[in-house]
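In: pasting the structure only:
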C-alpha cells in the first residue's frame, strides 16, 4: 500500500526515532500495535468493535491513513466508533 509516495511501513518508520544501536523504541501499548501489524500483513480486520476502536486510535497516532479508511469503510460500525469518526 502506498500513500503520498510512502508505504504504510515507511510512514510508521518515519514517525519513529532510532536508538544508537539501530533499534526502535515505541512507548505504546503492544496490544494495539500487534493488530496493526496483522492488518499490514494480511489486510484483514477483526470483527470485535472494541479491537477496531483501539486499532483506529492507534492508527490515528501512527498516521496509518489506509487503516483509518479501512475501519471507517466497514458496514455499520459500533456506535462508539461512530462518535470517534468525526
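Out: Looks like it came in fine. All values derive from a computational prediction rather than experimental measurement.
In: residue ranges of the helices in this protein, please?
Out: In the chain, the helices defined using DSSP state H lie at 8-15, 30-42, 49-62, 65-72, 79-85.
In: residues in contact with residue 28?
Out: 58, 61 (C-beta atoms under 8 Å, 6 or more residues apart in numbering). For every residue, glycine as well, the C-beta is placed using N, CA and C.
In: gap between it and residue 59?
Out: 12 Å (C-beta to C-beta, to the nearest Å).
In: ditto for residue 31
Out: 14 Å.
In: re the thing from before, turn the helices of the chain into TSV, columns for mean pLDDT, distance to residue 24 and mean neighbour count.
Out: Formatted as TSV, the helices of the chain follow (pLDDT from 0 to 100; distance: least, C-beta to C-beta, whole Å; neighbours: other C-beta atoms under 10 Å):
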stretch	mean pLDDT	distance to residue 24	mean neighbour count
helix 8-15	67	8	14
helix 30-42	87	11	14
helix 49-62	89	12	17
helix 65-72	91	19	17
helix 79-85	52	27	11
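In: out of the ones you listed, which gets nearest to residue 23?
Out: helix 8-15 (12.4 Å; C-beta to C-beta).
In: count of residues packed around residue 64?
Out: Neighbours of residue 64 under the rule other C-beta atoms under 10 Å: 24.
In: offset the numbering so it begins at 43, please.
Out: New numbering, starting at 43: the last item is residue 106.
In: quick one: it from residue 100, how far?
Out: 8 Å.
In: intersection of neighbour lists for those two?
Out: Shared contacts of residue 106 and residue 100, counting by C-beta under 8 Å, 6+ apart, come down to residue 78.
In: any idea how far the closest residue to residue 74 other than its chain neighbours is from residue 71?
Out: Take residue 74 and drop its neighbours on the chain: the residue closest to it by C-beta to C-beta, 6 or more residues apart in numbering is residue 100, 4.0 Å away. To residue 71, residue 100 is 8 Å away according to C-beta to C-beta.
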